[in-house]
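Asker: generate coordinates for the sequence data below:
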Amino acid sequence: ATARYKASIIPESSSAALTDLTGGFGIDCSFLATGFKSATYVERQEELCEIAAHNFPILHLNHINVRNEDGVAYLQTMSPVDCIFLDPARRNEHGGKTVSIADCEPNVAELEDLLLSKASRIMIKLSPMLDLSLALKELKHTQEVHILSVNNECKELLILLGQTSPAEITIHCVNLFTKGTQEEQHFVFTREQEQRSQCTYTDSLGDYLYEPNASLLKAGAFRSIAAAYPVRKLHPNSHLYTSDTFIENFPGRIFRIVNQCSFNKKEVKENLADLKKANVTVRNFPATVAELRKRLHLTEGGDTYLFASTLNNGQKVIIRCEKV
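Answerer: Residues are numbered from 1 along each chain as shown. All right, here's what the predicted structure looks like:
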């Protein structure tokens, strides 16, 4: 799903030649190459090159040239192309997940000028674990960011570099669905818009509760989403929203509020005593999911959703919901 999305955002004006410097199994390359007249797949592992060379003709991608070489060495001597794609290795030498571009291999921040001397457009696929603010500081020629989730699980940060640096970098928050018939959720904002956006906070709940999708949460579009939709935010640090009327196109999960109670033992008993199982989420609340389940004697699952959070006046609430 993410490879198909990447192929969809390549402009037709830059579709003559593609080079994938970190070929791997060739999945991204095979989707991206469909939009180009010629493509080169570069991979330093010989076995992966053999797999790609076997698969590409079967996929009717005879225009992809397979090169068993180191991507950085190939970059230094290659002829210019329209688009370069990279998917740097995202784990450090001890197997841990990286949070900085400098910890990825190759380090695309060090290669940025060289990359832009070889192509007008650079597409870099990064781990969702990376710090986006830090990445934008390191990559000076960023034009767009695409944060890709699949079925509400954040999968990739996609950074597009170009020859010019825009005044404001557009951030695309995308949630793709591979199950059911739900349409792709797409929300676009800039970090400057986020700072300027007006956000209404609330001491009380309406009839509906909204949880932004994983891409929005990763992007930090907390004020922007409140400005774009008629919703109220529960608290500056509670990334949940409420409204009195149903907002069908909100980019996230939507719930109908059944009731609410404080963390008080008596209120919990009155409002939640009948529950044996529920899906529990904690947002800005002084207890973990595990602690709440233990205290409420709940197993995970079922059709009931509990959100433990904090309202703008500081009140701790447990919100009982049904998914819309």
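Asker: who touches residue 32 in this structure?
Answerer: Contacts for residue 32 (Cβ atoms under 8 Å, 6 or more residues apart in numbering) come out as 3, 6-7, 10, 18, 20, 39, 83, 85, 123. Every residue, glycine included, has its C-beta placed from N, CA and C.
Asker: scratch that, residue 270
Answerer: Residues near residue 270 by Cβ under 8 Å, 6+ apart: residue 261.
Asker: so which residues of the stretch 1-150 of the chain form helices?
Answerer: Secondary structure of the stretch 1-150 of the chain, counting by DSSP state H, counting those that start in this stretch: helices at 2-8, 27-32, 46-58, 71-77, 108-118, 132-138.
Asker: look up how far residue 291 lies from the nearest residue to residue 285 once chain neighbours are set aside.
Answerer: In this structure, residue 285 finds its nearest non-sequential neighbour in residue 308, 4.1 Å apart by Cβ to Cβ, 6 or more residues apart in numbering. Residue 308 sits 10 Å away from residue 291, going by Cβ to Cβ, to the nearest Å.
Asker: looking at these two, which is more packed in?
Answerer: residue 308 (23 against 14; other Cβ atoms under 10 Å).
Asker: run the chain-centre distance for the helix or strand that contains the more buried one.
Answerer: In this structure, residue 308 sits in strand 299-310 according to DSSP states H and E. Here the centre of strand 299-310 is set off from its chain's centre by 24 Å, with Cα atoms, centre = their mean, to the nearest Å.
Asker: quick check: buried residues in that strand?
Answerer: 304-310 (16 or more other Cβ atoms under 10 Å).
Asker: that strand pairs with which strands, parallel or anti?
Answerer: Neighbouring strands of strand 299-310 in its sheet, by DSSP bridges, are strand 277-282 (parallel), strand 316-323 (antiparallel).
Asker: these two touch, right, residue 300 and residue 277?
Answerer: Yes: judged on Cβ atoms under 8 Å, residue 300 makes contact with residue 277 at a distance of 6.7 Å.
Asker: just the buried subset of the contacts of residue 32, please.
Answerer: Buried among those (16+ other Cβ under 10 Å): 6-7, 10, 18, 20, 39, 83, 85, 123.
Asker: next step: these restricted to strands.
Answerer: 18, 20, 39, 83, 85, 123 (DSSP state E).
Asker: got a markdown table for those residues, with distance to residue 232 and pLDDT too?
Answerer: A markdown table is the format used below for those (distance: Cβ to Cβ, whole Å; pLDDT from 0 to 100):
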| residue | distance to residue 232 | pLDDT |
| --- | --- | --- |
| 18 | 46 | 96 |
| 20 | 45 | 98 |
| 39 | 49 | 97 |
| 83 | 43 | 95 |
| 85 | 41 | 98 |
| 123 | 37 | 97 |
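Asker: any regions of this protein where pLDDT drops low?
Answerer: Filtered on pLDDT under 70, the chain yields the residue ranges 12-14, 91-98.
Asker: distance check, residue 70 against residue 116.
Answerer: 20 Å.
Asker: three-state assignment of the residue of the chain most remote from its centre?
Answerer: Computed with Cα atoms, centre = their mean, the residue of the chain farthest from its C-alpha average is residue 266, at 40.0 Å. Following DSSP: H, G, I helix; E, B strand; the rest coil, the label given to residue 266 is helix.
Asker: check contacts around residue 156.
Answerer: Residue 156 makes contact with 2, 125-128, 146-148, according to Cβ under 8 Å, 6+ apart.
Asker: and it, what are its bridge partners?
Answerer: Per DSSP bridges, the residues bridged to residue 156 are residue 148.
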